[in-house]
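*Asks:* Need coordinates for the below:
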Amino acid sequence: MTERSLSRKQTIFYLAFLILMWGINWPLSKYALKFTPPLLFAGLRTLIGGALLIMIALPRWKQLRLRETWLYYVLSAFLSIVFYYGFQTVGLQYMPAGLFSAIVFLQPVLLGLFAWMWLGERMYTRKMVGLLLGFAGVAVMSLGGLEGGISVLGILLALGSALSWAFGTVYIKRQAAKVDSLWMTAMQIMIGGIIMTAYGSTVESWSTVHWTAAFLYDTLFISVFVIAFGWLVYFKLIGSGEASKVGSYTFLIPVVSIICSILFLNEHLTINLTAGMALIVASILLVNARRRHV
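*Replies:* Now for the predicted structure:
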């Protein structure tokens with residue numbers, strides 16, 4: 001099932017929602033990890049988000065066509081959910097969060113290349129320069145993370161997270177005509193949640209989770225707005241426009257994350273953060289500027 005094109009106002013609204021939700025996800029997740037081990041938290045929030053999306057999709061159950069489409073759901077679950085969140089959750093234990101996120105946000109650059117190679121999207125010098133500027137902006141903002149040391153395993157896990165996110169996005173856009181978009185999003189998140197929760201239960205203990213009101217509110221907010229609605233909006237944007245252009249806006253996510261951390265976690269604004277934000281704005285302008293036809 002292909003997506004209808006979104007109006008300019010709809011696109012701006014969805015992008016603003018996505019950037020805000022995925023931006024505040026980082027400090028919210030950091031807070032939640034005070035109460036729970038990482039893999040169980042990754043599985044639990046994804047499982048709840050997937051269950052909510054399946055309830056929303058139930059009126060369209062005839063479009064699920066599980067016998068014909070189950071392989072698409074499983075492959076997308078591993079690429080976009082299990083590998084992305086799994087590599088990310090484990091990798092954060094081996095290197096500073098700032099440096100790790102800088103590598104993960106190589107994803108829009110990878111997505112631009114993969115969309116050019118496999119989706120037939122146009123690639124030109126200004127667009128590639130813009131994507132590289134965005135990655136440079138995230139890297140500049142995260143330079144302070146180098147002080148915490150570099151782990152080869154951490155770098156590999158961050159690259160794995162970026163690659164799986166990019167591959168998953170391209171895979172889902174390629175299969176868009178074969179599956180219902182709502183069911184694709186719901187099933188991949190639900191399957192991913194089941195796998196991560198099951199694995200987390202074998203290596204971590206539920207008895208170590210502190211079920212405080214603050215943890216429950218935090219987890220429910222992330223499950224509903226970051227996981228369920230966030231991924232739904234992301235794939236709606238991807239399905240209705242160029243993947244590389246949507247990807248360029250995700251460079252703003254760490255900007256929102258850093259601003260929230262400054263406001264609520266007492267972190268400080270630095271020259272690196274200011275320079276990085278300027279590079280990211282330049283990146284988005286370059287990638288999304290209209291080409292002049294000679």
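*Asks:* And the one helix or strand residue 40 maps to, what's buried?
*Replies:* In the assignment (DSSP states H and E), residue 40 maps to helix 38-57. Buried positions in helix 38-57, judged by neighbour count with 16 or more other C-beta atoms under 10 Å: 38-54, 57. Bear in mind the C-beta positions are built from the backbone N, C-alpha and C, glycine included.
*Asks:* what is the mean pLDDT for the longest helix along the chain?
*Replies:* Using DSSP state H to define each element, the chain has its longest helix at helix 8-32. Along helix 8-32, the predicted local confidence has a mean pLDDT of 88.
*Asks:* Which strands or helices does that helix pack on?
*Replies:* Counting contacts by 3 or more C-beta pairs under 8 Å, 6 or more residues apart in numbering; DSSP states H and E, the secondary-structure elements packed against helix 8-32 are helix 97-104, helix 213-221, helix 229-240, helix 243-249, helix 252-264.
*Asks:* And those helices, which one averages the lowest pLDDT?
*Replies:* Taking the average pLDDT of each of these, the minimum falls on helix 97-104, with a mean of 70.
*Asks:* hang on, isn't residue 204 packed against residue 37?
*Replies:* Yes - proximity of residue 204 to residue 37 meets the contact threshold set by C-beta atoms under 8 Å, at 4.1 Å.
*Asks:* any common contacting residues for those two?
*Replies:* Overlap of the contact sets of residue 204 and residue 37 (by C-beta atoms under 8 Å, 6 or more residues apart in numbering) is empty.
*Asks:* quick one on the thing from earlier: quick check: which of the helices and strands packed on helix 8-32 is buried the most?
*Replies:* Scoring the helices and strands packed on helix 8-32 by mean neighbour count under mean count of other C-beta atoms under 10 Å gives helix 243-249 as the most buried, with a mean of 25.
*Asks:* Which elements pack onto that one?
*Replies:* Counting contacts by 3+ C-beta pairs under 8 Å, 6+ apart, the secondary-structure elements packed against helix 243-249 are helix 8-32, helix 107-118, helix 125-141, helix 152-174, helix 229-240, helix 271-288.
*Asks:* Which among these is found nearest to residue 215?
*Replies:* Across these, the minimum distance to residue 215, taken as C-beta to C-beta, is reached by helix 8-32, at 6.1 Å.
*Asks:* can you give me the angle the closest one makes with helix 38-57?
*Replies:* Between the axis of helix 8-32 and that of helix 38-57 there is an angle of 150 degrees, by axes from the mean of the first three to the mean of the last three C-alpha atoms, to 10 degrees.
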